[in-house]
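**Student:** Return atomic coordinates for the entry below.
(one chain, ligands or ions: 1)
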Amino acid sequence: MPFRLRRAAKLVYRQFLALQAAPKLNALAKTSPSGQRLSAALRESFHQLLDTQERDWVRRIEAKRHALDRSEAPIMIIDYGAGDADEARTPEQMAQGVEQQVTVGQMSRISKYEIWVLMLHKLIRKFEPAVGIELGAAVGISAAYQASAMQLNGHGEFITLEGAPALAELTQKNLRELGLNNTRVVVGRFQDTLQDVLNQAAPIGHAFIDGHHDGAATLAYFEQIYPHLADRAVLIFDDIFYYASMRDAWNTLERDSRIHLAVDLQRMGVCVVDKTESQRAVFKIPMI
Ligand SMILES: C[S@@+](CC[C@H](N)C(=O)[O-])C[C@H]1O[C@@H](n2cnc3c(N)ncnc32)[C@H](O)[C@@H]1O
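**Tutor:** Got it, this is the predicted structure:
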């Protein structure tokens, strides 16, 4: 199918999903003040409702993405993640890392596309965390969306963790060129760097886990992060759908009594921890 037709079909499908989502978003908004914020963030992302300043950031970051996507510059990376869904890397292979020669364009093209990064931006706009962390920077696109939301909030520190030194350096450069000075890039395996970040930066109000798409690792990161969360915190897990072990991990999180709200968006899962709320609710709102 030609690109334009595919894009148009996607837009129509998204509108259909948005229509289906409306009653569920209303129900989510009625659960609690946290549910209200989460519902607003999702609704505004679905319908791409942006104020002038948000629109300006999207334009700048997407221009940067456009340039990076086309870059043929070679880059040597070491990947500590789970690889593709059908790769089945062993825990030893993940711990050791897999060295690969790739291009900047290839790495840029694995960044989350616009609706998802917009959602990350909106979550930060609505929940206004003092500290946000990200596991997995790649070239810094999702980091830029989250850091720019903090810049618009007028407060907040963002920290992104990346295992491949060349990618961490590129992320730093891209954020600097975008004028985002509120972000720290920490280089090294999450297994080696996360604890220090948590000790130094807690309480954490926002965490995007987008690196190590392995179910056991995801649950371990949740357990590691949980004691360092703010009273109200949002956790976003990517790729809960494509990997069997990630689907199992998401099912476990959905049942976890420490989670106030769990929303399965099909590709990503969003959890809200709210220590002032004892009620729990689970929603399934496919976003695309
Ligand atoms: C999917 S990419 C991140 C994309 C980025 N969040 C975006 O959307 O713009 C995942 C990144 O996590 C890093 N990563 C995966 N597992 C890791 C681990 N165990 N420790 C450190 N970095 C890891 C990879 O090097 C890769 O750059």
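
**Student:** I'd like to know which residues of the stretch 151-288 of the chain are adjacent to the ligand.
**Tutor:** Counting by C-beta under 6 Å from any ligand atom, the positions of the stretch 151-288 of the chain adjacent to the ligand are 162-164, 167, 189-190, 210-212. Bear in mind the C-beta positions are built from the backbone N, C-alpha and C, glycine included.

**Student:** Likewise for the stretch 1-150 of the chain?
**Tutor:** 79-81, 110-112, 136-138, 141-142.

**Student:** For the top strand by length along the chain, buried residues please.
**Tutor:** Ranked by residue count under DSSP state E, the longest strand found in the chain is strand 229-237. Neighbour counts over strand 229-237 (16 or more other C-beta atoms under 10 Å) mark 229-230, 232-237 as buried.

**Student:** Out of the residues you listed, the closest to residue 92 would be?
**Tutor:** For the buried residues of strand 229-237, the closest approach to residue 92 (C-beta to C-beta) belongs to residue 237, at 23.8 Å.

**Student:** For that closest one, which non-adjacent residue is spatially closest?
**Tutor:** Closest residue to residue 237 apart from its sequence neighbours, by C-beta to C-beta, 6 or more residues apart in numbering: residue 269 at 4.6 Å.

**Student:** Quick check: the gap between that neighbour and the ligand.
**Tutor:** For residue 269, the distance to the ligand equals 15 Å [C-beta to the nearest ligand atom, to the nearest Å].

**Student:** before we move on, back to that, counting only helices, which of the residues of the stretch 151-288 of the chain next to the ligand make the cut?
**Tutor:** 167, 190 (DSSP state H).

**Student:** still on that earlier bit, now the buried members of the residues of the stretch 1-150 of the chain next to the ligand.
**Tutor:** The buried subset of these - by 16+ other C-beta under 10 Å - is 79-81, 111-112, 136-138, 141-142.

**Student:** picking that back up, go ahead and confirm the residue nearest to residue 237 touches residue 247.
**Tutor:** No: using C-beta atoms under 8 Å as the test, residue 269 is too far from residue 247 to be in contact (9.8 Å).

**Student:** hey, what's in contact with both of those two?
**Tutor:** residue 240 (C-beta atoms under 8 Å, 6 or more residues apart in numbering).

**Student:** Comparing the two, which shows the higher neighbour count?
**Tutor:** residue 269 (26 against 16; other C-beta atoms under 10 Å).

**Student:** which residues touch that one?
**Tutor:** By C-beta under 8 Å, 6+ apart, the residues touching residue 269 are 236-237, 240, 250, 253-254, 262-263.

**Student:** Can you name the residues bridging to it?
**Tutor:** residue 237, residue 264 (DSSP bridges).

**Student:** Just the pLDDT at residue 1, thanks.
**Tutor:** Residue 1 carries a pLDDT value of 64.

**Student:** all helices of the stretch 101-250 of the chain, in order?
**Tutor:** All helices of the stretch 101-250 of the chain, identified by DSSP state H, counting those that start in this stretch, fall at 104-108, 114-127, 141-153, 165-177, 190-201, 215-225, 244-255.

**Student:** For the spatially most central residue of the chain, give me its contacts.
**Tutor:** Taking C-alpha atoms, centre = their mean as the criterion, residue 208 is the residue nearest the geometric centre of the chain, at 4.0 Å. Each residue near residue 208 by C-beta under 8 Å, 6+ apart is listed here: 120, 132-135, 142, 146, 235-236, 238.

**Student:** Adding pLDDT and distance to residue 281 as columns, could you present those residues in TSV?
**Tutor:** Listed next are those as TSV, based on pLDDT from 0 to 100; distance: C-beta to C-beta, whole Å:
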residue	pLDDT	distance to residue 281
120	98	22
132	98	24
133	98	25
134	98	26
135	97	26
142	98	26
146	98	25
235	98	16
236	98	17
238	95	22
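
**Student:** before we move on, the earlier item: can you name every helix or strand that the longest strand of the chain contacts?
**Tutor:** helix 114-127, strand 204-209, helix 215-225, helix 244-255, strand 269-274 (3 or more C-beta pairs under 8 Å, 6 or more residues apart in numbering; DSSP states H and E).

**Student:** relative to strand 229-237, how tilted is the last one?
**Tutor:** Translated: strand 269-274. Strand 269-274 runs at 170 degrees relative to strand 229-237, counting by axes from the mean of the first three to the mean of the last three C-alpha atoms, to 10 degrees.
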